[in-house]
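*Asks:* quick one: sequence plus predicted model below, questions after.
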Amino acid sequence: MVFPNATVEARFRHAPQIRVFERGTDLLTDVEPTILSAQYNTLSPVAEEVYVRAVPDPAAFRELCDAHCSREAILQALQS
């Protein structure tokens with residue numbers, strides 16, 4: 001399984017309402033917040049069906065993935 005990068009953006013659909021109070025008193029003021037969206041890089045799993053002669057154990061599969069860095073190279077190594 002290979003995990004390519006995917007960028008996701010996080011933001012509020014509606015800006016939250018913020019009210020400022022002083023302890024024990026009524027509302028002092030409404031505040032208009034400045035809220036910026038944020039972007040994050042995530043990993044997305046990719047599954048591929050392949051036919052192999054023998055299913056590698058997790059350690060052997062990890063070694064194979066480390067040795068063959070691209071999705072295509074990993075698939076080819078599994079099928080050979």
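*Replies:* Thanks, I have it.

*Asks:* show me where pLDDT drops low in this structure?
*Replies:* Scanning the chain for pLDDT under 70 picks out the ranges 1-3, 26-27.

*Asks:* ok, which stretches of it are helices?
*Replies:* 58-67, 71-79 (DSSP state H).

*Asks:* who touches the last one?
*Replies:* Residues outside helix 71-79 that contact it (C-beta atoms under 8 Å, 6 or more residues apart in numbering): 2, 4, 46, 48, 50, 51, 52, 56, 64, 65, 67, 68. For glycine as for every other residue, the C-beta is placed from the backbone atoms N, C-alpha and C.

*Asks:* can we see that at 7 Å?
*Replies:* 2, 46, 48, 50, 51, 52, 64, 65, 68 (C-beta atoms under 7 Å, 6 or more residues apart in numbering).

*Asks:* what sits opposite the second one in the beta ladder?
*Replies:* Residue 46 has the following beta-bridge partners by DSSP bridges: residue 2.

*Asks:* that older thread, and residue 31, which of the helices of the chain is closest to it?
*Replies:* Closest to residue 31 of these, according to C-beta to C-beta: helix 71-79, at 48.4 Å.

*Asks:* what residues of that closest one count as buried?
*Replies:* Applying a neighbour-count criterion of 16 or more other C-beta atoms under 10 Å, the buried positions in helix 71-79 are 74, 78.

*Asks:* what angle separates that helix from helix 58-67?
*Replies:* Here helix 71-79 runs at an angle of 140 degrees relative to helix 58-67 (axes from the mean of the first three to the mean of the last three C-alpha atoms, to 10 degrees).

*Asks:* and helix 71-79, how far out from the chain's middle?
*Replies:* How far helix 71-79 lies from its chain's middle: 24 Å, per C-alpha atoms, centre = their mean, to the nearest Å.
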